[in-house]
Every structure is written in C-alpha cells, then in structure tokens.
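Participant: any chance you can model this:
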Amino acid sequence: MVAVFEDRQARRRILWGTLGLATLGGAIGLNYSILKHLQPIPRHTLTMAANWATFGLVFFSIRESLLVEQQAKNKPLDLRFSITRDHDEMFSSITSGFVTGATLSFITRRTKNAAVTGALFFSVMAGVGQFAYTKINRKRQRVILDKMESSETPRVLDLVRSDESTSLVARLRRKMVDPVTLLPEWFPLKRLSSEEYRAMLTVRKDELVLEVAQLRASIADMNRREDTMLARLREIEAQKSQGA
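Facilitator: This next block holds a predicted model:
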C-alpha cells in the first residue's frame with residue numbers, strides 16, 4: 001500500500017477518483033435533501049459527500065495496490081501492461097468494490113448480511129463502471145487513431161485538386177519545373193515520392209521493432225543471470241551458516 005502512494009500517477013488517480021466521487025455524492029445529497037425537505041441541507045450534502053469520499057479513497061487505494069501487484073506479476077512473464085491492462089483493471093475494480101463494500105457496510109450496519117449485500121452490490125457496480133470506462137476509452141483511442149491515419153488524406157486531396165484545377169495559380173504551378181528533377185541521376189539529392197517515403201518509414205519501423213525485441217531479450221537474459229547469481233549467493237551464505 002505504501003508503494004502505491006509513492007507513485008505519482010497512482011496518487012493522482014486516487015486523488016481525482018476520490019474527489020470525483022465526493023462531488024457526485026455531494027450532488028446526490030443536495031438533490032435528495034431538497035426533494036425530501038431535509039434540514040439543514042448543507043449538513044446532509046456534506047455528510048453524503050464525505051461518505052462517498054471515504055468509499056472513493058478506500059476503493060481507489062485498494063484498486064491501485066492490486067494494479068501494482070498485477071504489474072509485478074506480469075514482469076517475469078514479459079507481459080506488457082498495455083496487453084493485460086483491461087483484464088487487470090477489471091479484476092482490480094471488482095475486487096476493490098467487493099472488499100470496500102463489505103468493509104464499509106459491516107462498519108456502518110454491524111451485520112454479516114449487510115457486509116455480504118454491500119460486497120455484492122459494490123463489486124457489481126465497480127465491474128459495470130469499469131466495463132463502461134474501458135469501452136469509452138477504447139472508443140476514444142480508436143477515434144484518435146482514425147484521425148491520425150486520415151491526417152494525410154486532406155493533403156493528398158489538396159494536391160489532386162491543385163492538379164485538376166483550372167485556376168491561374170494552379171496552371172502556373174503545373175507549368176513550373178521542379179529544380180530537383182533537372183539534376184543528374186548520380187546527384188545525391190533526390191525528391192522522394194509518397195510511396196517511397198512510406199516504404200522508408202516501414203523499413204525504419206521494422207528496424208525499431210527488431211531493436212526493441214533484441215533489447216527485451218537482453219534484459220530478460222540479464223534478469224536470468226541476476227537470479228542465478230542471487231541463488232548462488234544464497235547457497236553460499238547457507239553453507240557458511242551451516243559450517244559456523
């Protein structure tokens with residue numbers, strides 16, 4: 001749990017998650033007090049906000065702790081967080097909702113039935129909320145990727161329209177000679193076409209992927225050597241202890 005609060009990103013998620021639930025709880029408490037004519041309204045609003053903030057603090061702290069534990073388990077298996085993120089977040093959210101709901105329900109109502117009911121209710125709510133968040137986040141990422149992929153399309157369309165346009169500027173542009181084309185073939189300067197440029201980028205991307213794979217293999221080999229050395233040192237220390 002302490003390691004979670006040492007992580008800046010984890011602290012930020014816990015803080016914003018707690019503030020978000022506190023705000024939502026305050027809004028619900030305010031509306032409930034107005035509809036039920038409860039007085040004083042500020043006290044009921046603050047009480048509801050404090051209850052939701054307490055739940056949020058406990059929930060997000062446990063959730064981040066479980067995520068850190070899952071990431072630690074994935075490292076020896078060479079599994080990236082981007083691959084296991086959806087599963088890890090769903091498991092952490094459901095488990096956090098179960099533990100938080102059971103604990104807070106038992107503290108407030110002092111019965112086992114309340115603990116069971118709270119655990120089931122909040123675990124389901126956490127799972128539904130995490131599922132919706134994951135779907136929205138994936139949709140947002142897909143929109144961003146689609147925009148990135150289509151960012152070159154307007155430029156190509158502008159060039160096509162320029163070639164097909166009959167305006168004076170377009171006709172003058174078509175009649176202008178690219179000075180690079182006047183250079184001899186042996187000259188090192190050359191203008192690349194879009195296809196050639198994409199081919200170069202593809203080759204460079206493949207080279208980077210290969211370099212990353214080699215780096216991961218080297219890191220995995222270093223980790224294995226380190227584990228072997230540590231095991232050997234433990235054996236030596238154990239032998240010394242037995243000899244003493």
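Participant: where does this protein dip in pLDDT?
Facilitator: 1-6, 77-83, 148-193, 243-244 (pLDDT under 70).
Participant: that one: helices as residue ranges?
Facilitator: 2-6, 8-36, 41-74, 81-109, 112-149, 153-164, 168-175, 194-243 (DSSP state H).
Participant: between helix 41-74 and the fifth one, find me the angle.
Facilitator: Which is helix 112-149. 70 degrees (axes from the mean of the first three to the mean of the last three CA atoms, to 10 degrees).
Participant: same thing with the last one?
Facilitator: An angle of 80 degrees separates the directions of helix 194-243 and helix 41-74 when computed by the same axes, to 10 degrees.
Participant: so how far is helix 194-243 from its chain's centroid?
Facilitator: 24 Å (CA atoms, centre = their mean, to the nearest Å).
Participant: the fifth one now?
Facilitator: Here the centre of mass of C-alpha atoms in helix 112-149, compared against the chain's by CA atoms, centre = their mean, lies 13 Å away.
Participant: in terms of secondary structure, what does that helix contact?
Facilitator: Helix 112-149 is packed against helix 41-74, helix 81-109, with contacts defined by 3 or more CB pairs under 8 Å, 6 or more residues apart in numbering; DSSP states H and E. To be clear about C-beta, it is placed using only N, CA and C from the backbone, and glycine gets the same treatment.
Participant: of all the residues in it, which ones are buried?
Facilitator: Using 16 or more other CB atoms under 10 Å as the test for burial, helix 112-149 gives 114-115, 118-119, 122-123, 126-127, 130, 134.
Participant: now distance to Met200 too, for these, in a markdown table please.
Facilitator: A markdown table is the format used below for these (distance: CB to CB, whole Å):
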| residue | distance to Met200 |
| --- | --- |
| Ala114 | 65 |
| Ala115 | 62 |
| Gly118 | 59 |
| Ala119 | 57 |
| Phe122 | 53 |
| Ser123 | 51 |
| Ala126 | 48 |
| Gly127 | 46 |
| Gln130 | 42 |
| Thr134 | 36 |
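Participant: please export the C-alpha coordinates of stretch 27-41 as PDB.
Facilitator: Only the C-alpha atoms of stretch 27-41 are listed here, as PDB (Å, rounded to 0.1, in the frame of the first residue of the first chain):
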ATOM      1  CA  ALA A  27     -24.700  16.400  -5.700                       C
ATOM      2  CA  ILE A  28     -26.800  13.400  -4.800                       C
ATOM      3  CA  GLY A  29     -27.000  14.500  -1.200                       C
ATOM      4  CA  LEU A  30     -28.100  18.000  -2.200                       C
ATOM      5  CA  ASN A  31     -30.800  16.800  -4.500                       C
ATOM      6  CA  TYR A  32     -32.000  14.200  -2.000                       C
ATOM      7  CA  SER A  33     -32.200  16.900   0.800                       C
ATOM      8  CA  ILE A  34     -34.200  19.200  -1.400                       C
ATOM      9  CA  LEU A  35     -36.600  16.500  -2.600                       C
ATOM     10  CA  LYS A  36     -37.100  15.100   0.900                       C
ATOM     11  CA  HIS A  37     -37.200  18.600   2.600                       C
ATOM     12  CA  LEU A  38     -34.300  17.600   4.900                       C
ATOM     13  CA  GLN A  39     -32.900  20.400   7.000                       C
ATOM     14  CA  PRO A  40     -30.200  21.700   7.300                       C
ATOM     15  CA  ILE A  41     -29.400  21.000   3.600                       C
END
